[in-house]
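Novice: Let me see the structure of the following:
(4 chains)
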There are 2 protein chains.
Amino acid sequence: MADVAERAGVSTSTVSRTLRGLSTVSPDVRARVEKAARELNFAVSRQAASLVTGRTGNVAVLVPTLDAWFMGAALSSLAPLLRAAGMELNVYVIPDLAERTSFFERLPARRNADALLVFSFDLTDEETARLDSLGIPVIYVSQHVEGRPSVYVDDVAGALHGTRHLLNLGHRRIAFLATQGASGFSFSSNERLLGYQQALTEAGVPLDDDLVTAVQVADRRGIAEALGTLLSLREPPTAIFAEQDEVAVASVRILRRTQIAVPERISVLGFDDQPLADWFDLSTVAQSAADIGREAGELALRLIEDSEDEHQRHVVLPTHVMPRATTAPVYRPQGEGEEGRG
Amino acid sequence: MADVAERAGVSTSTVSRTLRGLSTVSPDVRARVEKAARELNFAVSRQAASLVTGRTGNVAVLVPTLDAWFMGAALSSLAPLLRAAGMELNVYVIPDLAERTSFFERLPARRNADALLVFSFDLTDEETARLDSLGIPVIYVSQHVEGRPSVYVDDVAGALHGTRHLLNLGHRRIAFLATQGASGFSFSSNERLLGYQQALTEAGVPLDDDLVTAVQVADRRGIAEALGTLLSLREPPTAIFAEQDEVAVASVRILRRTQIAVPERISVLGFDDQPLADWFDLSTVAQSAADIGREAGELALRLIEDSEDEHQRHVVLPTHVMPRATTAPVYRPQGEGEEGRG
DNA sequence: ATGAAAGCGCTAACAA
DNA sequence: TTGTTAGCGCTTTCAT
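Specialist: Sure, this is the predicted structure:
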């Protein structure tokens, strides 16, 4: 910076003012400084600046992984937004328990970011409390944490509408495939189940525990077993509502492999509308990760500006039923017999 | 830090030494300092430290987007590696030309990172030169830039082996679907075409320009058109080698929709082995984004340690043919007639 | 509108 | 082994 100052024939204060775009610089001086800076390929050191301003210019993001569609989509929309605000994006990936423990123990984001966005974790109360001690705004994405700023979709309404779609197609035996993570059910999972139940109740269809099963996303064998159980019920389902697109697609593949036509014989509905759903022409309940990312980013920037800003700390985004090729009116056998059972 | 020093009854130098794990601290003092630091919830400010050490503790990554499988997988393996080395991961997303221009103009990574990993761009010479001026190691991932450290797979060999697989199945009319990005063909694209041609030549199969077409990844209509052209050739292909899994899967869907059985009638081979390939049981040439990410990260750390380290600046990773359900021996019509033409 | 000087929180000599 | 001191490169009063 001293070099630039010298070259432009001004003081470093003036260079600083110019480069930060303060209006208290005369046009000609500004021009000279900018020219000098360009010629010297000069860029302000954030480190040095942050030392005196107390702001780092970083926004940190905590994610379980980066190869889930949700993270990719959310961060892709978040990043340009931060960039436009002159912020850097810092990513912490916590793939396993060890990394997670270490993160919450050492809190590497401390003093190193102006805000933290926490993506899709089911945090314990202790962990949440620990994050409170960071001294910066913490925004929870895809989860509601009481009293803390959060951005998420209305999972209850999403599942409610999805289930209604199936009911409207004439289905009465509708199975629900919940997804169970390593650490049990997520908040979303519970909410989606709730929406499913609400829709059934509202339609006067009795709840049947046999129709609700839990599976793990990546466990294809487990999904097959779950389907097997459903298919061998006295009254098997005519429709399956999976809480996640991956499980829905896996189900479609398993059913079709067994020559059970989807959607003619059994309808399958997913939740998320990730790219995979489109590839498989899967009917699903869509949520927009891009919107979530954007809203979270904007909320973060707002809270950095004014952490006391109590205005709209919870952002709830809508979902949309996306009808595609795996849901259809309920199967009505032409003749008699057992045809009606999937 | 002063607080910690006071609480532990030592100087800030000692605190600094302790917290950096230097061995020149007596055990009891170390214990006292660590206790004080823990009690005060103290964390060293990287900003202040970097100001004096000249190192930022950041590794920057430049990516076109984050929702491509490759970035997700590569970064997911890269991140823990950096974390283990005490480095932060800084992500720059450059989705469009405007952001790209702005990035290379302002070079926000300047003075803000100790190394830069450039993912899958086809940079102009000017852009590369600009990055040289950053004054930090720049590692090119999934592309070879002459004289600069790079990590990539052997695309020529990959395509060569893939094509050989098809030749070994008896195919002689093998089409190649190249992928064209917004800015023309990528380096990989050219290399893969080359491997394809080498395999044919080595097998004595004449090259036929009619069998090589360019499409755009997301343009399903364009892919359908390309397939239409191939299917209406005098001698249509019996196998299609797509340079990217997405295009291969799109092709499979289009062919099957037209009742052209894959792989019985036409074989389809992809390249990448991204998750989508597994979902569609697509035969493909596998590359490991995770390995690439890891190698790139290790190379970066090595170059940060010693930027003069000339040792193995180019890392070339292998590919593997992954046979699944979309390649099969060439179709031999039983009787006479035109059956043989797809 | 501009400059001089102080100091942000840390590390790295150097001394002890 | 520990403490003292002098900056690192900026921003920010406070003068002018």
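
Novice: switch to C-alpha atoms for all contacts and neighbour counts from now on
Specialist: OK.

Novice: Assign the closest residue to chain B within the stretch 201-342 of chain A to helix, strand or coil.
Specialist: For the stretch 201-342 of chain A, the residue positioned closest to chain B under Cα to the nearest Cα is A:L276, at a distance of 7.5 Å. Classification of A:L276 by DSSP: H, G, I helix; E, B strand; the rest coil places it in helix.

Novice: How much space separates it from B:W279?
Specialist: Distance, A:L276 to B:W279, using Cα to Cα, to the nearest Å: 9 Å.

Novice: what do you get for A:Q143?
Specialist: Distance, A:Q143 to B:W279, by Cα to Cα: 29 Å.

Novice: Ok, A:I266 next?
Specialist: Note on A:I266: its distance to B:W279, by Cα to Cα, is 20 Å.

Novice: In terms of neighbours, single out the busier of those two.
Specialist: Between A:I266 and B:W279, counted using other Cα atoms under 10 Å in any protein chain shown, A:I266 has the larger neighbour count: 26 against 16.

Novice: can you list contacts of the longest strand along chain A?
Specialist: In chain A, taking DSSP state E as the definition, the longest strand is strand A:174-181. The contact list for strand A:174-181 (Cα atoms under 8 Å, 6 or more residues apart in numbering or on different chains) reads A:166, A:185-186, A:189, A:193, A:196, A:211-217, A:230, A:237-244, A:247.

Novice: and A:V285, what does it touch?
Specialist: The contact partners of A:V285, taken as Cα under 8 Å, 6+ apart, are A:158-159, A:162, A:269-273, A:319-322.

Novice: how many other residues sit next to the residue of the stretch 101-250 of chain A found nearest DNA strand C?
Specialist: Nearest residue of the stretch 101-250 of chain A to DNA strand C: A:R111, at 8.6 Å (Cα to the nearest atom of the strand). Look at A:R111: counted by other Cα under 10 Å, it has 21 neighbours.

Novice: doesn't it fall inside a strand?
Specialist: No: assessed with three-state DSSP, A:R111 is coil; it does not lie in a strand.

Novice: Disregarding flanking residues, what is the spatial nearest neighbour of it?
Specialist: Nearest in space to A:R111, with sequence neighbours left out and distances taken as Cα to Cα, 6 or more residues apart in numbering or on different chains, is B:S45 at 5.8 Å.

Novice: can I assume that neighbour is in contact with A:A113?
Specialist: No: the pair B:S45 and A:A113 does not pass the contact test of Cα atoms under 8 Å, sitting 10.4 Å apart.

Novice: which of these two has more neighbours?
Specialist: A:A113 (23 against 17).

Novice: residues of stretch A:234-248 that come out buried?
Specialist: By neighbour count on 16 or more other Cα atoms under 10 Å in any protein chain shown, the buried set for stretch A:234-248 is A:236-248.

Novice: And the residue of the stretch 201-342 of chain A closest to DNA strand D?
Specialist: A:E305 (13.6 Å).

Novice: how about the strands of the stretch 201-342 of chain A, start to end?
Specialist: Taking DSSP state E, counting those that start in this stretch as the criterion, the stretch 201-342 of chain A contains strands spanning A:212-215, A:239-242, A:267-272, A:283-286, A:314-317, A:320-322.

Novice: should've said the stretch 1-150 of chain A
Specialist: Using DSSP E, counting those that start in this stretch, strands in the stretch 1-150 of chain A cover A:58-63, A:88-93, A:115-119, A:138-141, A:150-153.

Novice: Save those as a markdown table, and put in mean pLDDT too.
Specialist: Formatted as a markdown table, those follow (pLDDT from 0 to 100):
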| stretch | mean pLDDT |
| --- | --- |
| strand A:58-63 | 96 |
| strand A:88-93 | 96 |
| strand A:115-119 | 96 |
| strand A:138-141 | 95 |
| strand A:150-153 | 96 |
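
Novice: want to throw those strands into JSON lines with distance to A:A289 and mean neighbour count?
Specialist: Converted to JSON lines, these look like this (distance: least, Cα to Cα, whole Å; neighbours: other Cα atoms under 10 Å in any protein chain shown):
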{"stretch": "strand A:58-63", "distance to A:A289": "14", "mean neighbour count": "22"}
{"stretch": "strand A:88-93", "distance to A:A289": "17", "mean neighbour count": "24"}
{"stretch": "strand A:115-119", "distance to A:A289": "11", "mean neighbour count": "24"}
{"stretch": "strand A:138-141", "distance to A:A289": "10", "mean neighbour count": "25"}
{"stretch": "strand A:150-153", "distance to A:A289": "9", "mean neighbour count": "25"}
